[in-house]
Every structure is written in C-alpha cells, then in structure tokens.
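Visitor: 3D model of this:
(chains A, B, C and D)
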There are 2 protein chains.
Amino acid sequence: MRKRKGAGRPTIADVATQAGVSSITVSRALRDPQKVSERLRGRIDKAVRALNYIPDTHASALASSRSNVVGVLVPSLTNNVFADTLRAIYDALDGSPLQVQLGNSRYSAAEQERLVGIFLSQRPTAMIVSGIDQTPTARKMLEDANCPIVQIMETGPDPIDMMVGFSHYQGGRAAARHLIDQGYRHIGFLGARMDPRTTRRLAGFRSALEDAGMFDPDLVKTTTTSSSVTLGGVLVRELARHRPDLDAVFCNNDDLALGALFGAQKAGISVPGQLGIAGFNDLEMMEAACPTLTSIRTDRYGIGRHAVNMIHAALDGTPPLQKVVDLGFELQVRQSTDRTYRAT
Amino acid sequence: MRKRKGAGRPTIADVATQAGVSSITVSRALRDPQKVSERLRGRIDKAVRALNYIPDTHASALASSRSNVVGVLVPSLTNNVFADTLRAIYDALDGSPLQVQLGNSRYSAAEQERLVGIFLSQRPTAMIVSGIDQTPTARKMLEDANCPIVQIMETGPDPIDMMVGFSHYQGGRAAARHLIDQGYRHIGFLGARMDPRTTRRLAGFRSALEDAGMFDPDLVKTTTTSSSVTLGGVLVRELARHRPDLDAVFCNNDDLALGALFGAQKAGISVPGQLGIAGFNDLEMMEAACPTLTSIRTDRYGIGRHAVNMIHAALDGTPPLQKVVDLGFELQVRQSTDRTYRAT
DNA sequence: TAACTTAATGATAGCGCTAACATTAAGTCA
DNA sequence: TGACTTAATGTTAGCGCTATCATTAAGTTA
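Guide: Model prediction:
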C-alpha cells in the first residue's frame, strides 16, 4: 500500500487517541471549549501538552474554507508613515483570531498585482491595500475575492469595496495656502519618488499657487529616487543656489523637510528667517526639531484602526453605510514657517 | 448525500475539465511547466485565464506538507533598525517562491512565544526570529520545528540553529571608548525601552567607563518607555540640568541622539563644544544632520541578507559550517564628537 | 408517561491539492 | 529485435482538519 509520510508531527487524531475521545471532540475543544464537557476538556488539554500538539493552519483552512488571515499590502516598510498604520492594524487586530499577512509592493503597481494574487490564494478573511491606483487586473481580482476589501491612505470616488484615508491633493493645497498666507512669495516644492500620492500633493500645491498667481515651475524640484533626510538637504541646497530668491519650501514628506532644515543650516541659511520649511505627515520628530517644523498632520494610526473596524463590521454582517471615509488632515504651524520667530 | 460547498471558486479540477486533461497535469503545468508538453500547457494556461483560477495555498501546503512561508518575528515595525533588515529579507527572497510572514512581538518575550506557536502552525519553510532571549517554551518549539531557524540582530554562544548579528555589548563598549579617547570625562548614557539588546549596550558602555575609572551611575538616564526623538531631547535636558558637568552622552539609539542634539540646541548647549553626542545604529540621517552625528554603524541590511542566505543553504542541504556569524559594527566618527569642530 | 427538547459526543465524508505508483507511446542500444 | 530507458500523462489515495448528519443520554413539558 502506498503511503504518505506527512510531516511526522502529532495530529489531532494522536491527541484524540491519547485522550480517549474522537478527533472531532478534540477539534471542538480547541476551537470552542464550551462545547465540550469539563472532564473531557481537561483530558484533551493534557494530551495536547503531552504531545506538544500544534494545529495545522492549512488543514483547518482547507476543511473550513476559511482562513484567519488579513492580507495587508503596503508600498514600503521603511517609511514611517506606513509603520504607524501597520501598528494600528496590529493593535486593532490584537485579541481577535485574525493574523496579519504583510506584503511589500515597493511602490510598484505590478508588484502589488502579483501580491494580490498570492494573497488571494490564501483565501484571506479580508484585505487591506494601500492606494487607489491598482492595475485593472488587480482590481478585478479584488472585486472577485468575495471578502471585505479596504483601500487605505487615500480617498477617491470609486472604491473597490471600502476606503479610508484623506485627500493628498487637499493636503498639498493646504500647505501651499499656509505658506502664501505667511507672506512667502517664492515658494518651492521638494519631492522624492513621486508615487501617485505625492504627485497629487504636488497637484494640490500647484493649484493653490496658481490661484495666487505665484506658481513657478522652476521652483519645483523632484526626483524619482526614494526619499531620505540626506536627499532633502541636497535638493534644498541645489534649489537655493539656482534660485537665490527662494524663500520657502514645501517638502513632500517630513524626511525631506528635516533634511532641508539641516541643508539650510549647513549652507548658513537661517530657518525660518531666510527660508520657511513645511513638511507632510507630521512625524513625531517635527515637534522635537530645532526650530520646530511645520507639517500637515495625517492620522495614519486612525486610518489603520478605522480600516480594521470597517472589516469587523463587514464580517459581522453590518457593512458601514459610508463606504468611503475621509479622516482629513490638520495643519500644524510651527517655528519653521513663523516669520516673526528669532532663534534664541 | 451530504455535501460541502467550499468557497465556490474554480478548482484545479475545473481547469482540468475545461482543458480536457487530468487534474494532476494541471498541477504539474502550474508548478513545473517543463514537465508538461507545450500543447497541453497552452490549453491549460488558457483555461486558467478563462476561469480566473487562483490556486489554493492551503490545499497545496496540506497535500505536500510544505508551505512556502518564511516566518519572520521582529519586536517592532516602527523602528527603522528592523525596517532595514526586513527590506533585506524581502530583497533576498525576491524571485524565490518563498513568502514572508511577518510577526510583531512588540518587545515582549511572551508575545514572541505566542507568535512562534501561531507561525509554526503554518509549517513554515524557515523561521527568522529577533534576539536570543526566547522563552524556554518558545525555544523548545523552535528546536522541535524541524526547519531552519535563524536568530538575528545579536550573537551569543548557544544558537537554536543558526545566528547572525553582532555584539551589542562590544558596540556599547566601543562607543564609550571613543568618547573617552576624545577627552570627554563626564559621559552620560541615555536609554529608552531597555530591552535585552539595549541593556547589553549599557553593560558594554559601563565596562569601558569602569576600566577607565570614570563610571558614574548618576549619569545613566534610562526609561522603559519607547524611544523617540522627543524623548532624547527631554532626557538630555534633564540630565544636563541635574549634572552641569556632563560633557558627552552616548545615546542608546539614533533617535535619542537626534533628539539630544535638538534638545541641546534648544537649551543653548553647543554641540560638540559643550556636549559630545554619539548614537547607535548609524541611520541615514546621522550623516545628514547639522552637525553630523557620530554613531556605531550596524549592518542591518547585511544581517537580513545573510539570514536568508543561511536559510537557502540549509534548505539546499549544505548548512553553513559556521552556525554563528558576527557581522560586527563600525564606529563612524563625525562632528558631534569632534572637540576641535567649530560651527561655521 | 409519551412526545419533545437539549447537551454531549461520535461517524463519515469531504475541503483542493499533490505524492506515489501506473500506464502508454516513443526512442535506444546491444 | 527484444529488453530497456525516457517522456508524457493518468489513477488513486491520502494530507489533517471540520461540516454535516447521526446517536445517545438526560431533562422538560403537558
């Protein structure tokens, strides 16, 4: 007789034999202890410990056609922005049986599509994906997936299922308006990577400046390389050298803003006296910096928490009436854009 | 006859019917296309696309008693240190069929133990776990797991299986020696969270100062709260107020060091003139800061890459002769500990 | 006390895939 | 030319668990 060897690990049947009950009783005792009498439960727990039994997720998922995986796709693990959202997702899932399966799409729509396929092959309980710019194929797969889907970090008119985020366009616009209101007149833009979200921030920035009749494409400095503090310093110095009339910069993110501050300091440009600086996201360090740095605060933690709440609601059969949630943003005005500020 | 409904998705059998072949042929075509004639392969591919077939990972893993999951346990997702290592792991696994399953133990050994159990229930191909301080139960589970295990970020005498990292004790010692050599005499220590690794850095720091007859417990300022730039600023100012003779600080990590720089600037303490600052890890921003910040460079990316290489080797049946790899560290001396430096 | 509910346990048949063996048709070599 | 390899495909029986349908014993109602 042919035989398969398996992994050699103890199975539920081994536990059942040891405890003198049937497999299904062990299965029940492990999944829902109340369904089994206290006497048997004790025997089963003992057998589990004696054998070092660890249940097999795959067998369980196959038999019940249900896994406990929530697939989460983010474009970067290095970026603090997503770290905060991930932390919220982990926190919100704490205590539930659901497990996060994390995927890193590296800011590539093609890679996101590939990962969507891989993740769906695990029959996840739900999916959380970053952004609204999925490929048509990825979108189709997600629509067919038959599980709650939440797109995060952005809002848009056409959710696959649910959506929670904010408008990057409006965020960019608000930052630009603030700099204009502060009296800056030659306002530059520093941008890295230029993924869809940062591109929309630039669009918002541009529209505000155009409304004020102040947009100057020559003051927009972007690169497709990935963002870093170092890069912020490089870009601001290049721009300031090229355009000595530059009096403020809106940085696409806080790393660039911090780098711009350092770059200005190294070049002997006083902040905010000669150069105003505003960032985006309001990471923790912005308040700590010297001078403190103006930024657009985004609720990254709230986005993660909200996404999980929406998933729980959908799984409970009470899908939210509002499929698209905009958590907005908040301008944090600090010393780096305060023209009356004088360093001590 | 009783019947189970499954998830209603197309199965490999549906594809087989559509293509006019048997299920096993479809299975082969998908896993190893060369085993199937070109003619059938074409028909099968067509059927897969027509049905939007997505293979079921769980069924596959159950049948083959082999999953394609590499479980990775880190204590934090927010900490850039682990982000770099994770990026390396993702990069090194790119192109292989292996998938990362990421767990966040939140700096808790108990949580790490819980996650080890959950991860092993997926019968992973390999496991990567942070640190060497597993609970006895977790250690036992990993030893029994029958798959390659790599402990990362640290080195120690007694690997579960394999290990790659560096000595935090020596790192702390090297930082302290450098400050002593620079002529600093009242050297403080700023530490947050104080997990096992940061504790060992402190031990190394202490031993170097003791060797020099300079250790002063009053200059050690630690907290168990988590690290942040803001906290670095708070701690350095408290310590400087309490001990005006303080002339240098070794910060447990770079966030604290950056915060210490800002805190000193806000308090009107010049760096490095009145206060030397050294950090740990050498994140990218250290070189960009103004003044540039001294740090102990650790090869976080290398650790991740190396861990994956060790796993591949073990899976290929050629386990590395050297089970414990020490990638060391490198002191990066910069302006913040250069007593001859004068700000421009 | 008959008819009926409830609680606790068990027997059986899949879930969707692949390992192991089986078969067929074609080429290969002494 | 017959014994033998090789390549391509198929048949069957699980992998370890749980959904579904029994079954049994005990309590509950009219």
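
Visitor: CA only for contacts and neighbour counts going forward, please
Guide: Noted.

Visitor: which stretches of chain A form helices?
Guide: A:12-19, A:23-31, A:38-51, A:57-64, A:80-93, A:109-120, A:136-143, A:168-181, A:196-211, A:229-242, A:254-266, A:285-288, A:300-315 (DSSP state H).

Visitor: of all the ones you listed, which gets the most neighbours per residue?
Guide: helix A:254-266 (a mean of 27; mean count of other CA atoms under 10 Å in any protein chain shown).

Visitor: Give me the helices and strands touching it, please.
Guide: Counting contacts by 3 or more CA pairs under 8 Å, 6 or more residues apart in numbering or on different chains; DSSP states H and E, helix A:254-266 is packed against helix A:229-242, strand A:276-281, helix B:285-288.

Visitor: What are the contacting residues of the longest one?
Guide: Read it as helix A:229-242. Helix A:229-242 has contacts (CA atoms under 8 Å, 6 or more residues apart in numbering or on different chains) with A:190, A:219, A:221, A:246, A:249, A:255-264, A:267, B:284-285, B:287-288.

Visitor: what about 7 Å?
Guide: A:190, A:246, A:255-260, A:262-264, B:285, B:288 (CA atoms under 7 Å, 6 or more residues apart in numbering or on different chains).

Visitor: what angle separates that helix from helix A:254-266?
Guide: Interaxial angle, helix A:229-242 versus helix A:254-266 (axes from the mean of the first three to the mean of the last three CA atoms, to 10 degrees): 50 degrees.

Visitor: Any idea how far helix A:229-242 is from the middle of the chain?
Guide: For helix A:229-242, the distance from its own C-alpha centre to the chain's C-alpha centre is 27 Å (CA atoms, centre = their mean, to the nearest Å).

Visitor: got it, and stretch A:325-336?
Guide: 17 Å.

Visitor: tell me which residues in that stretch are buried?
Guide: Buried positions in stretch A:325-336, judged by neighbour count with 16 or more other CA atoms under 10 Å in any protein chain shown: A:325, A:327-336.

Visitor: What about A:S226, how many residues nearby?
Guide: Neighbour count for A:S226, taken as other CA atoms under 10 Å in any protein chain shown: 12.

Visitor: returning to that earlier point: so which of the helices of chain A comes closest to DNA strand C?
Guide: helix A:57-64 (3.0 Å; CA to the nearest atom of the strand).

Visitor: what does that closest one contact?
Guide: With CA under 7 Å, 6+ apart, helix A:57-64 has contacts from A:67, B:58-59, B:61-62, B:121-122.

Visitor: Apply 10 Å and report the result again.
Guide: A:27, A:65-69, A:122-124, B:4-7, B:56-63, B:65-67, B:118-123 (CA atoms under 10 Å, 6 or more residues apart in numbering or on different chains).

Visitor: before we move on, the earlier item: so can I have JSON lines of the helices and strands packed on helix A:254-266 showing distance to DNA strand D and mean pLDDT?
Guide: Formatted as JSON lines, those follow (distance: least, CA to the nearest atom of the strand, whole Å; pLDDT from 0 to 100):
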{"stretch": "helix A:229-242", "distance to DNA strand D": "49", "mean pLDDT": "97"}
{"stretch": "strand A:276-281", "distance to DNA strand D": "43", "mean pLDDT": "98"}
{"stretch": "helix B:285-288", "distance to DNA strand D": "48", "mean pLDDT": "98"}
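
Visitor: picking up where we left off before, quick one: which of the contacts of helix A:229-242 is nearest DNA strand D?
Guide: Out of the contacts of helix A:229-242, the member with the shortest distance to DNA strand D (by CA to the nearest atom of the strand) is A:D255, at 46.3 Å.

Visitor: Just give the nearest non-adjacent residue to that closest one, would you?
Guide: Nearest residue to A:D255, sequence neighbours excluded (CA to CA, 6 or more residues apart in numbering or on different chains): A:V229, at 4.8 Å.

Visitor: With A:R41 instead?
Guide: Distance criterion CA to CA, 6+ apart; nearest residue to A:R41, sequence neighbours excluded, is A:A29 at 6.1 Å.

Visitor: Contact partners for that neighbour?
Guide: A:A29 touches A:23, A:35-38, A:40-42, A:44-45, counting by CA under 10 Å, 6+ apart.

Visitor: of those residues, closest to DNA strand D?
Guide: A:S23 (5.3 Å).

Visitor: mind checking pLDDT for the closest one?
Guide: The model reports A:S23 with a pLDDT of 95.

Visitor: what sits against it?
Guide: A:S23 sits in contact with A:11-17, A:29, where contact means CA under 10 Å, 6+ apart.

Visitor: Closest to chain B out of these?
Guide: Chain B lies nearest to A:T11 out of these, by CA to the nearest CA, at 11.3 Å.

Visitor: My guess is that closest one contacts A:I54. True?
Guide: Yes - using CA atoms under 10 Å, A:T11 makes contact with A:I54 at a distance of 7.9 Å.

Visitor: which residues are common contacts for those two?
Guide: With CA under 10 Å, 6+ apart, A:T11 and A:I54 have common neighbours A:V48.
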